[in-house]
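[1] My questions concern the predicted model and sequence given below.
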Amino acid sequence: MKAILITKDDDAYAAALSDVDAADLPEGDVTVRVAYSTLNYKDSLAITGKSPVVRKFPMVPGIDLAGEVTESGHPDYAPGDKVVLNGWGVGEVHWGGLAQTARLKGDWLIKLPDAFSEQQAMAIGTAGYTAALCVLALADHGIAPDRGDVVVTGAAGGVGSVAIALLAKRGYRVVASSGRPEEQAEYLKGLGAAEVIDRAELAEKSKPLAKERWAGAVDAVGSQTLASLLATTKYGGTVAACGLAGGFDLPATVMPFILRGVTLAGVDSVYCPQPRRAEAWALLAEELDPAVLERMTQVIPLAEAIGTASDQLAGRVHGRVVVDVNA
């Protein structure tokens, strides 16, 4: 089978399109013929070696996949079932989706929602599923559309793009924070953003408490951007934090929490329990317009995944990247 294979030998780290023997697949009770995978930010970090995402070598990256079950020893799945996988350490410690075949634990899978094709499910991927978790987190904390603006950072990325579409569908006024606001304004407003701002507004060091601007936020950036969001969130607001594209530090104070009652809601997609996963995918199936999904998606063959990973980390890719592993 064809796969992207990451190897590490002493100080040499490399990713290459390889022919891999299916007999080398890791243990699992379900075998899946993969149709599509995706290229998430984490996948690009893994492929390029820019961050220590991969913890076991050799490794097939790809934290997402959609495909058809070919063999199963799990009671919930049978040959012919269409399934989706997001996270669970796949592509980090267990061979992932950037391959034509995967062997997995059935407990990691969910059945492909009827609303989506395999390609559409991967256009959503972990990024879109994480965005849905963030929208649910805002709703859980009472951030309704009438509370005020919701800002989305990293707006042109996978999480940001889907978050904008979902929030706009729910009636929120969405402000998109972008590194290239003029270039990306048309795309972001096409997804439902009412306003586009330069990410520099949030990247500069702020006062511990600054002017109240946001009822809520979806943040995939972290570091100073997250600190600035907390300092500018309105009384009783909530920031759903799900990423660290700008860094994993948080140069903030406790002031927003103890003087404005701001909530920092951490969102984890990797080991999220199955009931919450099902809730997120149900939200996507009900509220994500497939036409919007198509506008934010590009499809590439498996052979282009390595080059596209570098482009994604350099900010030259917007929206979602779907990988056709059989093309």
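    On my side now, so go ahead.
[2] how does this structure divide into domains?
    Listed by automatic domain parsing, the domain ranges of the chain are 2-112+296-324, 127-266.
[3] end to end, how far does the last one reach?
    So that's domain 127-266. 15 Å (CA to CA, to the nearest Å).
[4] next one: it to chain centre, how far?
    15 Å (CA atoms, centre = their mean, to the nearest Å).
[5] now stretch 297-316
    Stretch 297-316 sits 15 Å away from the centroid of its parent chain (CA atoms, centre = their mean).
[6] Start and end of it, how far apart?
    14 Å.
[7] same check, this time on stretch 191-203
    Stretch 191-203 stretches 23 Å from its first residue to its last (CA to CA).
[8] May I see the buried residues of that stretch?
    191, 192, 193, 196, 197, 199, 201, 202, 203 (16 or more other CB atoms under 10 Å). Bear in mind the C-beta positions are built from the backbone N, C-alpha and C, glycine included.
[9] Can you classify residue 46 as helix, strand or coil?
    Three-state assignment for residue 46 (DSSP: H, G, I helix; E, B strand; the rest coil): helix.
[10] Widest-spaced pair of the buried residues of stretch 191-203?
    Using CB to CB, the two most remote members of the buried residues of stretch 191-203 are 192 and 203, lying 23.6 Å apart.
[11] Would you mind telling me which of the domains of the chain is nearest residue 121?
    The minimum distance between residue 121 and these falls on domain 2-112+296-324, with 4.4 Å, by CB to CB.
[12] and the domains of the chain as TSV, adding distance to residue 278 and mean pLDDT?
    Below are the domains of the chain laid out as TSV (distance: least, CB to CB, whole Å; pLDDT from 0 to 100):
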stretch	distance to residue 278	mean pLDDT
domain 2-112+296-324	7	95
domain 127-266	11	95
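[13] Out of the ones you listed, which is closest to residue 118?
    Nearest of the domains of the chain (CB to CB): domain 2-112+296-324, 4.1 Å.
[14] ok so, going back, and the domains of the chain, which is most packed in?
    Of all the domains of the chain, domain 127-266 has the most neighbours on average by mean count of other CB atoms under 10 Å, namely a mean of 21.
[15] Would you quantify the distance from the residue sitting furthest away from the middle of the chain to residue 253?
    Distance from the centre of the chain peaks at residue 259, with 31.8 Å (CA atoms, centre = their mean). Using CB to CB, to the nearest Å, one gets 10 Å for the distance from residue 259 to residue 253.
[16] now do residue 305
    41 Å.
[17] Looks to me like residue 282 is in a strand.
    No: with three-state DSSP as the criterion, residue 282 is helix rather than part of a strand.
[18] what's the closest non-adjacent residue to it?
    residue 113 (7.6 Å; CB to CB, 6 or more residues apart in numbering).
[19] How about the contacts made by that neighbour?
    Counting by CB atoms under 8 Å, 6 or more residues apart in numbering, residue 113 touches 84, 121, 281, 282, 284, 285.
[20] what's the closest of the residues you listed to residue 165?
    Set against residue 165, the nearest of the contacts of residue 113 by CB to CB is residue 284 (9.8 Å).
[21] Check what pLDDT the closest residue to residue 100 other than its chain neighbours gets.
    When the adjacent residues along the chain are set aside, residue 100 lies closest to residue 1, with 4.2 Å between them (CB to CB, 6+ apart). Residue 1 is assigned 95 on the pLDDT scale.
[22] picking up where we left off before, how about JSON lines for the domains of the chain, with distance to residue 276 added?
    Converted to JSON lines, the domains of the chain look like this (distance: least, CB to CB, whole Å):
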{"stretch": "domain 2-112+296-324", "distance to residue 276": "11"}
{"stretch": "domain 127-266", "distance to residue 276": "7"}
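[23] can you tell which of those is closest to residue 274?
    Set against residue 274 and scored by CB to CB, the domains of the chain come closest in domain 2-112+296-324, at 7.2 Å.
[24] In three-state terms, label residue 306 for me.
    Following three-state DSSP, residue 306 is assigned to helix.
[25] Now do the contacts for it.
    Shown in contact with residue 306 (CB under 8 Å, 6+ apart): 4, 15, 16, 17, 47.
[26] separation between the first one and residue 305?
    Looking back up the chat, that one is residue 4. 6 Å.
[27] Between the two, which contacts overlap?
    Both residue 4 and residue 305 are in contact with 17, 47, 98, where contact means CB under 8 Å, 6+ apart.
[28] With respect to residue 311, which of those is nearest?
    Using CB to CB, residue 47 comes nearest to residue 311 of the shared contacts of residue 4 and residue 305, at 11.3 Å.
[29] could you pull out the helices for the stretch 1-150 of the chain?
    Residue ranges of the helices in the stretch 1-150 of the chain, as given by DSSP state H, counting those that start in this stretch, are 41-48, 118-140.
[30] how near is residue 275 to residue 283?
    Using CB to CB, one gets 13 Å for the distance from residue 275 to residue 283.
[31] between those two, who's got more neighbours?
    Neighbour count, other CB atoms under 10 Å: between residue 275 and residue 283, residue 283 has more, with 20 against 8.
[32] re the thing from before, want to throw the buried residues of stretch 191-203 into JSON lines with distance to residue 323 and secondary structure?
    Listed next are these as JSON lines, based on distance: CB to CB, whole Å; DSSP: H, G, I helix; E, B strand; the rest coil:
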{"residue": "191", "distance to residue 323": "22", "secondary structure": "helix"}
{"residue": "192", "distance to residue 323": "26", "secondary structure": "coil"}
{"residue": "193", "distance to residue 323": "27", "secondary structure": "coil"}
{"residue": "196", "distance to residue 323": "28", "secondary structure": "strand"}
{"residue": "197", "distance to residue 323": "31", "secondary structure": "strand"}
{"residue": "199", "distance to residue 323": "27", "secondary structure": "coil"}
{"residue": "201", "distance to residue 323": "34", "secondary structure": "helix"}
{"residue": "202", "distance to residue 323": "31", "secondary structure": "helix"}
{"residue": "203", "distance to residue 323": "31", "secondary structure": "helix"}
